[in-house]
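Undergrad: Sequence and predicted structure are below.
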Amino acid sequence: MAQAPILSWEGLGLQQGGGWLFTDLDLNIGPRDRLALIGRNGAGKTTLLKLVANQIEPDKGKRSIQPGTKIVMLEQEPDVAAHATLMDFALSGEDAPARHEVEAIAGQLGIDMSRDATASSGGERRRAAIARALAMEPDLLLLDEPTNHLDLAAIEWLESWLNRYSGAFIVISHDRTFLTRLTRATLWLDRGSMRRKEVGFGGYEAWEEQVYAEEARAADKMDAKLKLEAHWLQRGVTARRKRNQGRLEKLHQMRAERASMLSPQGAAKLKIVSDGTKTKAVITAEHVTKSYGDRVIIRDFSLRIQRQDRIGIVGANGAGKTTLLKLLTGEIEPDIGTITLAKTLSGVMIDQQRSLLSPEKRMRDILAEGGDWIDVRGVRKHVQAYLKDFLFDPSMVDARVGTLSGGERSRLLLAREFARTSNLLVLDEPTNDLDLETLDMLQEVIADYDGTVLIVSHDRDFLDRTVTITLGLDGSGTVDVIAGGYADWEAKRKTQATSANSAKKSALPPPPPPTQKKAKLSYKDQRDYDLLPQKIEELEAAILADEEALADPALYTADPAKFAKLTKALDTKRAEKDAAEERWLALAEEVEELEG
């Protein structure tokens, strides 16, 4: 049977700006829930997490929580300003984690906790916040965009940790791969209400389209206003997704064409150029090497980048992504080799400049210098119509930048930069703070862009949906050139690792004859192997009995002490069962080896 929730909200509601941000929400969180929290920018996702964490008070609703439940929130922007070092930040607060726990996790994340807090980068602050949150050993972990500012190695480490985590978590993220790999149920915050479905994020988009289709059918029987809303909901969302499916097919064709132009080693076939193909090249790198001191960052790299190529640059922090980007755009010169840029190349760089948008300015000031019309790559367009292209309500044209959410500011920045005339777009982590619908829109805009695109990103799904060539850096100076996205590069890395391991094994001397092989289990091991299955069954029965007792809604009110005692006993029995299962499985593997 389902386990009793560790936290519940009944009839939750919060007012904002004179109206209800959301109302009458019911939320039950089980002890092992893995929940994706989905919703458009401004729907109230972060606010809902803060309500769950008891950081803010609602306007209505009843909150229930199992005694002793520890809730920890990993915020999107950790505030380290009041602390001298990152370790001081990690150990702050009344319920601070143990220093040795923080140090252990920080070591795995590769973060120096003695760093000056105010001088630290966004990635360092994010790692420090993760070390602090995980070291607190929460029963419920609330994660607000946890992969922002993390490189691929750190994201994969966090995924592995969360897969082993025995508690519950709710996660807000734009990283589709992260959500798909980790979540088992979805909370969808939409137009002031919330739905829950027991499917992970992998099934969310099909569920979303089903809901919108049902609403559209219902609206067909009602008035014209509702029909217009249904048009926005269903056709605006699902039609865009269908268009993107068509663009994905085109992307696969482009990848196939580019694969035929790359050598087996990944370098471009620079010498095989005929029928005017060379005139399509916008950036040509030939045998490029770049070092800093004794360290080689880029080694013997060659590639011909053509018009309409979409190039993704991936790798761990410090692997050389920024150096490669600067080389390709002519910002720095190589030590060896040549970089040739087309004379007609005109680039626009979109990085994380949203802080430069003046908060007192209106949206029309940012886009159209206060007027009604904007030149979009040489075509005159009304500013309100252009806002709609970027998923803004046209009536927001006079909204101040300071009233926008972080995601809305990022979207406004994209709208401004995409309007400029250019034939080269350079996107530095463009997906941070964007909701999933905006990512779909960004994918669409990039696909329709007539020039060349260079993208530095840690968003694996976005790269898989967008780029024709991936440049993968492993930190050794080698640049893998792959026709495809992140998944294609990951597959090549696994193949290379398997080949390297095979070569390593073949180079080793043959193993000694199995004269030292253990003949049988020790007395203690054999006894555990025989008796543990019965013990596991007994623990399962005891856990079930405790869960049934705790499921009685009157127990906590009638006898809080008994409720707390049962809860503690249940946790102990679950831990004993997990340990017993792990012990028996290890022994079973040993028995299998002995019998083999």
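TA: Looks like it came in fine. These numbers come from a predicted model, not from an experiment.

Undergrad: All the helices of the stretch 251-400 of the chain, in order from the start?
TA: For the stretch 251-400 of the chain, helices defined by DSSP state H, counting those that start in this stretch occupy the ranges 321-328, 363-368, 383-389.

Undergrad: name the helices or strands packed onto the first one?
TA: Helices and strands touching helix 321-328, as assessed by 3 or more CB pairs under 8 Å, 6 or more residues apart in numbering; DSSP states H and E, comprise strand 281-292, strand 295-306, strand 310-315, strand 452-456, strand 469-473. No exception for glycine: its C-beta is placed from N, CA and C like everyone else's.

Undergrad: What I need now is those written out in a markdown table, including mean pLDDT, distance to D151 and mean neighbour count for each item.
TA: As requested, the helices and strands packed on helix 321-328 are exported to a markdown table (pLDDT from 0 to 100; distance: least, CB to CB, whole Å; neighbours: other CB atoms under 10 Å):
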| stretch | mean pLDDT | distance to D151 | mean neighbour count |
| --- | --- | --- | --- |
| strand 281-292 | 94 | 19 | 19 |
| strand 295-306 | 94 | 16 | 20 |
| strand 310-315 | 94 | 7 | 24 |
| strand 452-456 | 94 | 11 | 23 |
| strand 469-473 | 94 | 11 | 25 |
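
Undergrad: could I get the ones you listed as JSON lines with distance to L544?
TA: Listed next are the helices and strands packed on helix 321-328 as JSON lines, based on distance: least, CB to CB, whole Å:
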{"stretch": "strand 281-292", "distance to L544": "61"}
{"stretch": "strand 295-306", "distance to L544": "58"}
{"stretch": "strand 310-315", "distance to L544": "47"}
{"stretch": "strand 452-456", "distance to L544": "51"}
{"stretch": "strand 469-473", "distance to L544": "49"}
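
Undergrad: got a list of what the residue at minimal distance from the centre of the chain touches?
TA: Taking CA atoms, centre = their mean, the centroid of the chain lies closest to D175, which sits 2.8 Å from it. Listed by CB atoms under 8 Å, 6 or more residues apart in numbering, the contact set of D175 reads 147, 155, 431, 459-461.

Undergrad: Try it again at 7 Å.
TA: Taking CB atoms under 7 Å, 6 or more residues apart in numbering, we find D175 in contact with 147, 459, 461.

Undergrad: What segments of the stretch 451-596 of the chain are helices?
TA: 460-466, 486-507, 523-550, 555-558, 560-595.

Undergrad: Looking at the ones you listed, which is nearest to A168?
TA: Taking CB to CB, helix 560-595 is the member of those nearest to A168, at 13.3 Å.

Undergrad: In the closest one, which of the residues would be classed as buried?
TA: The neighbour-count check on helix 560-595 (16 or more other CB atoms under 10 Å) flags 563, 566-567, 570, 573-574, 577, 580, 583-584, 587 as buried.

Undergrad: Can you convert those residues into CSV and add a column each for pLDDT and distance to E331?
TA: Shown next, in CSV, are those (pLDDT from 0 to 100; distance: CB to CB, whole Å):
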residue, pLDDT, distance to E331
F563, 70, 63
L566, 78, 64
T567, 73, 59
L570, 75, 59
K573, 83, 61
R574, 74, 56
K577, 78, 58
A580, 81, 59
R583, 82, 57
W584, 78, 59
L587, 81, 60
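
Undergrad: Which one, of the helices and strands packed on helix 321-328, ends up nearest to R125?
TA: strand 452-456 (19.5 Å).

Undergrad: Partner strands of the closest one and their direction?
TA: strand 310-315 (parallel), strand 424-428 (parallel) (DSSP bridges).

Undergrad: between the helices of the stretch 451-596 of the chain, which gets the lowest average pLDDT?
TA: Ranked by mean pLDDT, the helices of the stretch 451-596 of the chain bottom out at helix 555-558, with a mean of 65.

Undergrad: The helix or strand containing T23 packs against which elements?
TA: Using DSSP states H and E, T23 falls within strand 19-29. Contacts defined by 3 or more CB pairs under 7 Å, 6 or more residues apart in numbering; DSSP states H and E place strand 19-29 against strand 7-16, strand 193-197.

Undergrad: lowest confidence element among the helices and strands of the protein?
TA: Among the helices and strands of the chain, helix 224-230 carries the lowest confidence by mean pLDDT, DSSP states H and E, at a mean of 46.

Undergrad: closest one to E540 among the helices and strands packed on strand 19-29?
TA: Of those, nearest to E540 by CB to CB is strand 7-16, at 24.9 Å.

Undergrad: Okay, buried residues for that closest one please.
TA: 7-9, 12-14.

Undergrad: right, and out of the residues you listed, which lies closest to W489?
TA: Nearest member of these to W489, counting by CB to CB, is L7, at 40.1 Å.

Undergrad: so the closest one sits right up against D33, yeah?
TA: No. Using CB atoms under 7 Å, L7 is not in contact with D33; the gap is 9.7 Å.

Undergrad: Can you flag the buried ones in the contacts of D175?
TA: Buried members of the contacts of D175, counted by 16+ other CB under 10 Å: 147, 459, 461.
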